[in-house]
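> Requesting a structural model of the entry that follows:
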Amino acid sequence: MSLESVREHLAAHGRDGDIRQTDGSSATVAEAAAAFGVEAARIAKTLSFRGDTSDTAILVVMAGDARTDNAAFKATFGRKASMLKADEVERLTGHPVGGVCPFANPSTATIYLDTSLKRFRTVFPAAGSPDSAIELTPGELEELSGAAGWVTVSRIPQDQDAPQAPQ
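Next comes the predicted model:
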């Protein structure tokens, strides 16, 4: 059902035909990178954090090689970074674990895009299932997700700090 809700959401923007599905799993960054033939950093993973109340979620989409910077998260959101438990994910995001994405989420989930994604010409967020993705520019991702804005709540591994050419 989640893939279908994302397909409907993207259809409103003429992009439903751009969803890619793989025969295997793309639920993890490594699996998605292998399935879609791109470097892991270009996988736009959507992390699900607890919101202000037990019925809300903060979704942060960041580059596949980025890690949550807990101090930056707390400074940005005024709360400790606390991931949703697996049994809460689908209820609060509308998507199964491995398919959480920035599209077709309930109003209780607020989406933010991490600046770690801006290093790339295109990125690959999931499309509502553990075997799907769509290739988008960061600008398209911002537009199609209805994100509340860009934040910097991640850190990139030291060997990745050097500027990279857009891909």
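> My understanding was that L141 contacts F124; is that so?
No: taking contacts as Cβ atoms under 8 Å, L141 lies outside contact range of F124: 9.8 Å. Glycine gets a C-beta too; all of them are placed from N, C-alpha and C.
> what do these two both touch?
Counting by Cβ atoms under 8 Å, 6 or more residues apart in numbering, the contacts common to L141 and F124 are A44.
> Show the backbone phi and psi for the most centrally placed residue in the chain.
Centroid-nearest residue in the chain: T46, 2.7 Å away (criterion: Cα atoms, centre = their mean). When read as degrees, to the nearest 10, the backbone of T46 gives phi -110, psi 110.
> Report the beta-bridge partners for it.
Legend: beta-bridge partners of T46 under DSSP bridges are V61.
> which helix in this structure runs the most residues?
Longest helix of the chain, by residue count under DSSP state H: helix 2-11.
> Can you list the neighbours in contact with the following helix or strand past that one?
As assigned by DSSP states H and E, the chain's next helix or strand after helix 2-11 is strand 20-21. Residues outside strand 20-21 that contact it (Cβ under 8 Å, 6+ apart): F36, A127, S129, D131, S132, A133, I134, E135.
> Partner strands of strand 20-21, with direction?
Strand 20-21 has its sheet partners listed here by DSSP bridges as strand 132-133 (antiparallel).
> for this structure, what are the low-confidence residue spans?
1, 159-167 (pLDDT under 70).
> hey, where'd the helices end up in it?
For the chain, the helices defined by DSSP H cover 2-11, 29-36, 70-77, 86-93, 138-145.
> Distance to V151 and mean neighbour count for those helices - can I get that in a markdown table?
As requested, the helices of the chain are exported to a markdown table (distance: least, Cβ to Cβ, whole Å; neighbours: other Cβ atoms under 10 Å):
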| stretch | distance to V151 | mean neighbour count |
| --- | --- | --- |
| helix 2-11 | 22 | 18 |
| helix 29-36 | 20 | 18 |
| helix 70-77 | 5 | 15 |
| helix 86-93 | 18 | 16 |
| helix 138-145 | 12 | 18 |
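> Compare those helices and report which one is nearest to L113.
Nearest to L113 among the helices of the chain is helix 138-145; the distance by Cβ to Cβ comes to 6.0 Å.
> So which other helices or strands are in contact with the closest one?
strand 109-114 (3 or more Cβ pairs under 8 Å, 6 or more residues apart in numbering; DSSP states H and E).
> Noted, bye for now.
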